[in-house]
Structures are given as structure tokens and as C-alpha cells.
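1. 3D model of this:
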Amino acid sequence: MSVQIRAIYESSYLNIISTIFKNLGLPSLIDRLVPVDPQCQTRASDVVWLLTLDILSGRQALVHVERWAHDIDLPKLIRPGLSPSWFNDDAIARHLDRLYDANIHAVLSACLVQIYKKEGIPLRVFHADTTDVSVYGTYESASPDALQITHGYNRHHRWQKQIGFGLIGNEDGIPFYGDVHDGNLPDKTWNPEVLSRVQKQLKQAKIEDEWIYVADSAAMTKDTLAQTKAANAFLITRGPSSLRIVKTALAKADAQDTPWSDPFSLAEKNGATYRVWETTSTYEGHSVRLIVVESSALDQRKGKMLEKERNQEEEFLRQEQTRWESRLFSCREDAEQALASLKASLRPRFHRVEASVEAMVRPKKRRGRPKKGAELDMETVYALRLNVEFDQ
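-> Just a heads-up that it's a prediction; the model follows:
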């Protein structure tokens, strides 16, 4: 008996990933959402499957996927009868277009919901956030409905050409929703839109339970609060310091008779201790629960930061004191105007500054040497005097 070896493939973790992909039922789900084209030898699920393996094995460029496909056992990893030559970049691109036309966000959401239900992952608490990626060059969108690669402000408040990414995951970091959006879409608009989409996901999965949406302070808007209520959810966010209800809560928390909780720690040892105080208020017609948190570790960091700012302010005030006290004015009116300007410009946080106008009488300066025995002409000049003291 002769044995003929047709090909040799390296056995690796891709076998495990492929088995998980199949056991989750993702290929059949994708084929149902993106119908198979009878004229194609491959399916959209084949491309998604292959690209998933590609991403988890080093991320080949799209033009190199066909070459990489020759190095793996396609019939075993995906399905029998597949040929690597069928996965050239044009064929992959056509399937990616089909995925987009079938509403790529809906396809991704359906896959993620199936994973959650198949693995019994709790659908209770979700964390949401966005980020951006800067790009260069000229991009022309085919239609207003397509992704707009345009200028917007990034996380560092810099104006740049970019696209945005949004992701929602559970408390363990397992994704539940993801999208790519326009480069100038603000988080205040993204949050209510995404809440509506997640609500539709849960309805499609026949899940009617209440759930929790955790996001940053951009979620504290009228539209997000309204959409949260409509989505049968609760919102946990950080109240922006600019809001009146937040300022009021912080002022009440600083009162002497505020009933703070007992200190507690979330770490087993050498961790920060916390105290909390709770109150309620109303924002944009919605009842909100406000919790003020005090952290011992944050207190220490803020203490160092405040000390640094105090020293910087003291140095600045000393420089201003030297600069203004060296100037002399020939009339009191000019000195008073300079004093008013100085008081308006100085707004110290850590020091008390007392400034006043002081009159001084001195010999008037003349050209040449004065005659012997001649009486000196005197003049009155005015100077600013500053007294800087640390306000404990």
C-alpha cells in the first residue's frame, strides 16, 4: 500500500478557535442574515470565519489572505470543498459589501446576542465608551448614509480628520455591541442612539428584563435619560461638575452635619478607603440619585496636586509683587487705575493679597549737577504695595 501526502499543515490553536466558532452556531446564523449567492463558490460566513482566524493569528493584509489561506487546512478549519484561491481580495471585498448591505451592525449584534445566550452570559450590566482614530488623505463618501470620514475633536480636543469607534461590553469585558461611526459624532448623540439599538437587540433576543447602562459624563443629557427610561434600563454615570445639581450636592456633602457612611475598602489590604453620601434631585424632568464618593487615595493625590499649585501660585504672586512695586506713577489717578487692573487680574485660590497705593516724596531728578547749596525740588510719586499671605 502506498501513501501519498497531499499537504502538510501545522496544527495549532486555530483548530480550537474554529471549533468554538462552529459550536456557537455563527456560520448558520450569518448565512441566514446574509443570504448565500448561488453564483459564488464561497459564503459570507466563510469570509467572516477566515478573517476571524486571520485576526487571531497575526492579521494578514487583505491582499495576502489568499496566500496565507494556502498555509492552513481550510477544509478542516471551515468546511470541506473550499479552495484557498477562492479567497482573493476581490472575492473577500464582495462579501464584505454584502455584509454591509445586510446592515453590518445588525449582523454583529445578532452574533453577539447568540454568543451571550449560548454561553449563558448575564445580560444585566453593560459598560459603554467610544474612541477615535485619526486618518490622513482625502475621502469621498458615496452617499450621505455611508460612513463620514471627516473632521472632529479627538479626546485631546484637537481638530483632526478621524473616524469613531463605539463599544459596549459587560462587566467582564465581553463585547455586546460595536460600531464604526462618523468622525464628528459627539458622545452626547451616540449614547441615546446606541441605547435604542441595544434595546432592539434585547427585544430580538426576547429579553425584557431591566438592565444597567454605565457610561461617562457625556451620558448625562436629556435625550440619554429619556432613551434609558424607554429602554427599560438604569443609567450609571458621573455627574459633570458644571451641573447645578452636582454643585449643590457637593456643597451639602461638605457640611458639618452630613451623615457620611462608615469608611470601607474594596481591596483586601493596603487599599484606599471610601466614604459615600447619598441624596436625590431632579434633572431635565427625571428623578436622579446622586452619590458623592470620598477616596482616601484620591485625597492624598489631590493634596499633593494642591500643594504644587499653591507653590506655583505663590511664585507667580511674588513675581507680580516685584514687577508692580518697581513701577512708579506720577499721579494718583494712574496708580488707582493700575491698582484696579491688578485686582481684576489676580484671582488667587490659596493666598490673600492686599494691594494699596502708597505716596512717596523724593527729590525731583534734573539734568546735570545741582548747584552747591541750592535747594532740591521735591516731587510726589505713587507706587503699588502688595502684601501676599498664605490663606490656611
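2. need the phi and psi values for the nearest residue to Leu14 once chain neighbours are set aside.
-> Nearest non-adjacent residue to Leu14, counting by CB to CB, 6 or more residues apart in numbering: Leu53, 5.4 Å away. Heads up, the C-betas are built off the backbone N, CA and C, glycines and all. When read as degrees, to the nearest 10, the backbone of Leu53 gives phi -60, psi -40.
3. now Ala106
-> Main-chain dihedrals, Ala106, degrees, to the nearest 10: phi -70, psi -40.
4. all helices of the stretch 51-200 of the chain, in order?
-> Along the stretch 51-200 of the chain, counting by DSSP state H, counting those that start in this stretch, helices occupy 65-69, 74-77, 89-101, 104-119, 187-204.
5. and if you look at the stretch 251-392 of the chain?
-> Taking DSSP H, counting those that start in this stretch as the criterion, the stretch 251-392 of the chain carries its helices at 296-325, 332-345.
6. where are the low-confidence patches of the chain?
-> Applying pLDDT under 70 to the chain flags the ranges 11, 141-143, 366, 368, 370, 373-375.
7. okay, buried residues for stretch 253-262 please.
-> For stretch 253-262, a neighbour-count test (16 or more other CB atoms under 10 Å) marks Ala253 as buried.
8. measure it end to end?
-> Start-to-end span of stretch 253-262 (CA to CA, to the nearest Å) is 14 Å.
9. Leu26 touches Gln114, doesn't it?
-> Yes: counting by CB atoms under 8 Å, Leu26 does reach Gln114; the two are 7.1 Å apart.
10. the two: who's more crowded?
-> Leu26 (20 against 16; other CB atoms under 10 Å).
11. with adjacent residues omitted, what lies nearest to the more buried one?
-> If the residues on either side of it in the chain are set aside, Leu26 comes closest to Cys111, at 5.6 Å by CB to CB, 6+ apart.
12. ok, now how distant is Leu306 from Phe350?
-> 8 Å (CB to CB, to the nearest Å).
13. in contact with the nearest residue to Lys229 once chain neighbours are set aside, which residues?
-> Nearest residue to Lys229, sequence neighbours excluded (CB to CB, 6+ apart): His286, at 7.2 Å. By CB atoms under 8 Å, 6 or more residues apart in numbering, His286 lies in contact with Leu225, Ala226, Lys229.
14. and of those, the nearest to Ala338?
-> Distances from Ala338 to those, taken as CB to CB, are shortest for Leu225 (50.4 Å).
15. shouldn't that closest one be in contact with Leu235?
-> Yes: using CB under 8 Å, Leu225 makes contact with Leu235 at a distance of 6.6 Å.
16. ok, back up a step: contacting residues for the residue nearest to Leu14?
-> Leu14, Ile17, Ser18, Ile72, Leu77 are the contacts of Leu53 under CB under 8 Å, 6+ apart.
17. how about a markdown table for these, with distance to Met1 added?
-> Shown next, in a markdown table, are these (distance: CB to CB, whole Å):
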| residue | distance to Met1 |
| --- | --- |
| Leu14 | 31 |
| Ile17 | 35 |
| Ser18 | 31 |
| Ile72 | 28 |
| Leu77 | 28 |
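18. can you add distance to Arg362 and neighbour count and give those residues back as a markdown table?
-> Listed next are the contacts of Leu53 as a markdown table, based on distance: CB to CB, whole Å; neighbours: other CB atoms under 10 Å:
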| residue | distance to Arg362 | neighbour count |
| --- | --- | --- |
| Leu14 | 91 | 19 |
| Ile17 | 89 | 17 |
| Ser18 | 94 | 19 |
| Ile72 | 93 | 20 |
| Leu77 | 95 | 20 |
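19. ranges for the strands of this structure?
-> All strands of the chain, identified by DSSP state E, fall at 125-134, 150-153, 159-170, 175-181, 211-214, 233-236, 264-265, 273-283, 286-295, 328-329, 351-363, 378-390.
20. nearest to Asp31, out of those?
-> strand 175-181 (21.1 Å).
21. Val3: which of the contacts of Leu53 is nearest?
-> Using CB to CB, the shortest approach to Val3 within the contacts of Leu53 belongs to Ile72, at 22.1 Å.
22. on that earlier part again, tell me, what's touching Leu306 and Phe350 both at once?
-> Between them, Leu306 and Phe350 share no contacting residue, judged by CB under 8 Å, 6+ apart.
23. more neighbours: these two, which one.
-> A direct count of neighbours by other CB under 10 Å for Leu306 and Phe350 places Phe350 higher, at 16 against 12.
24. for that one, which non-adjacent residue is closest in space?
-> Phe350's closest residue in space is Arg310 (CB to CB, 6+ apart), at 4.3 Å.
25. what number of residues lie near the one you found?
-> The number of residues packed near Arg310 is 16, by other CB under 10 Å.
26. quick check: it vs Leu317, distance?
-> 11 Å.
27. find residues that contact each of these two.
-> His351.
28. Leu96 contacts Leu50, correct?
-> No: the criterion here is CB under 8 Å, and Leu96 misses it with Leu50 at 11.7 Å.
29. neighbour count: the two, which is higher?
-> Leu50 (25 against 16).
30. I figured Gln148 hits Val180, correct?
-> No: at 10.7 Å, Gln148 and Val180 do not qualify as touching, with contact defined as CB under 8 Å.
31. neighbour count: those two, which is higher?
-> Gln148 (17 against 12).
32. distance of that one from Asn184?
-> Counting by CB to CB, the gap from Gln148 to Asn184 is 7 Å.
33. how about the nearest residue to Lys117 once chain neighbours are set aside, what does it touch?
-> Of all residues not flanking Lys117 in the chain, Ala205 sits nearest, at 6.4 Å (CB to CB, 6+ apart). By CB under 8 Å, 6+ apart, the contact list for Ala205 reads Val113, Tyr116, Lys117, Leu123.
34. residues near the second one, how many?
-> Translated: Tyr116. Counted with other CB under 10 Å, Tyr116 comes out at 19.
35. what's the neighbour count on the spatially closest residue to it that is not a sequence neighbour?
-> What sits nearest to Tyr116 in space, not counting adjacent residues and going by CB to CB, 6+ apart, is Leu123, at 5.9 Å. Neighbourhood size, Leu123 [other CB under 10 Å]: 17.
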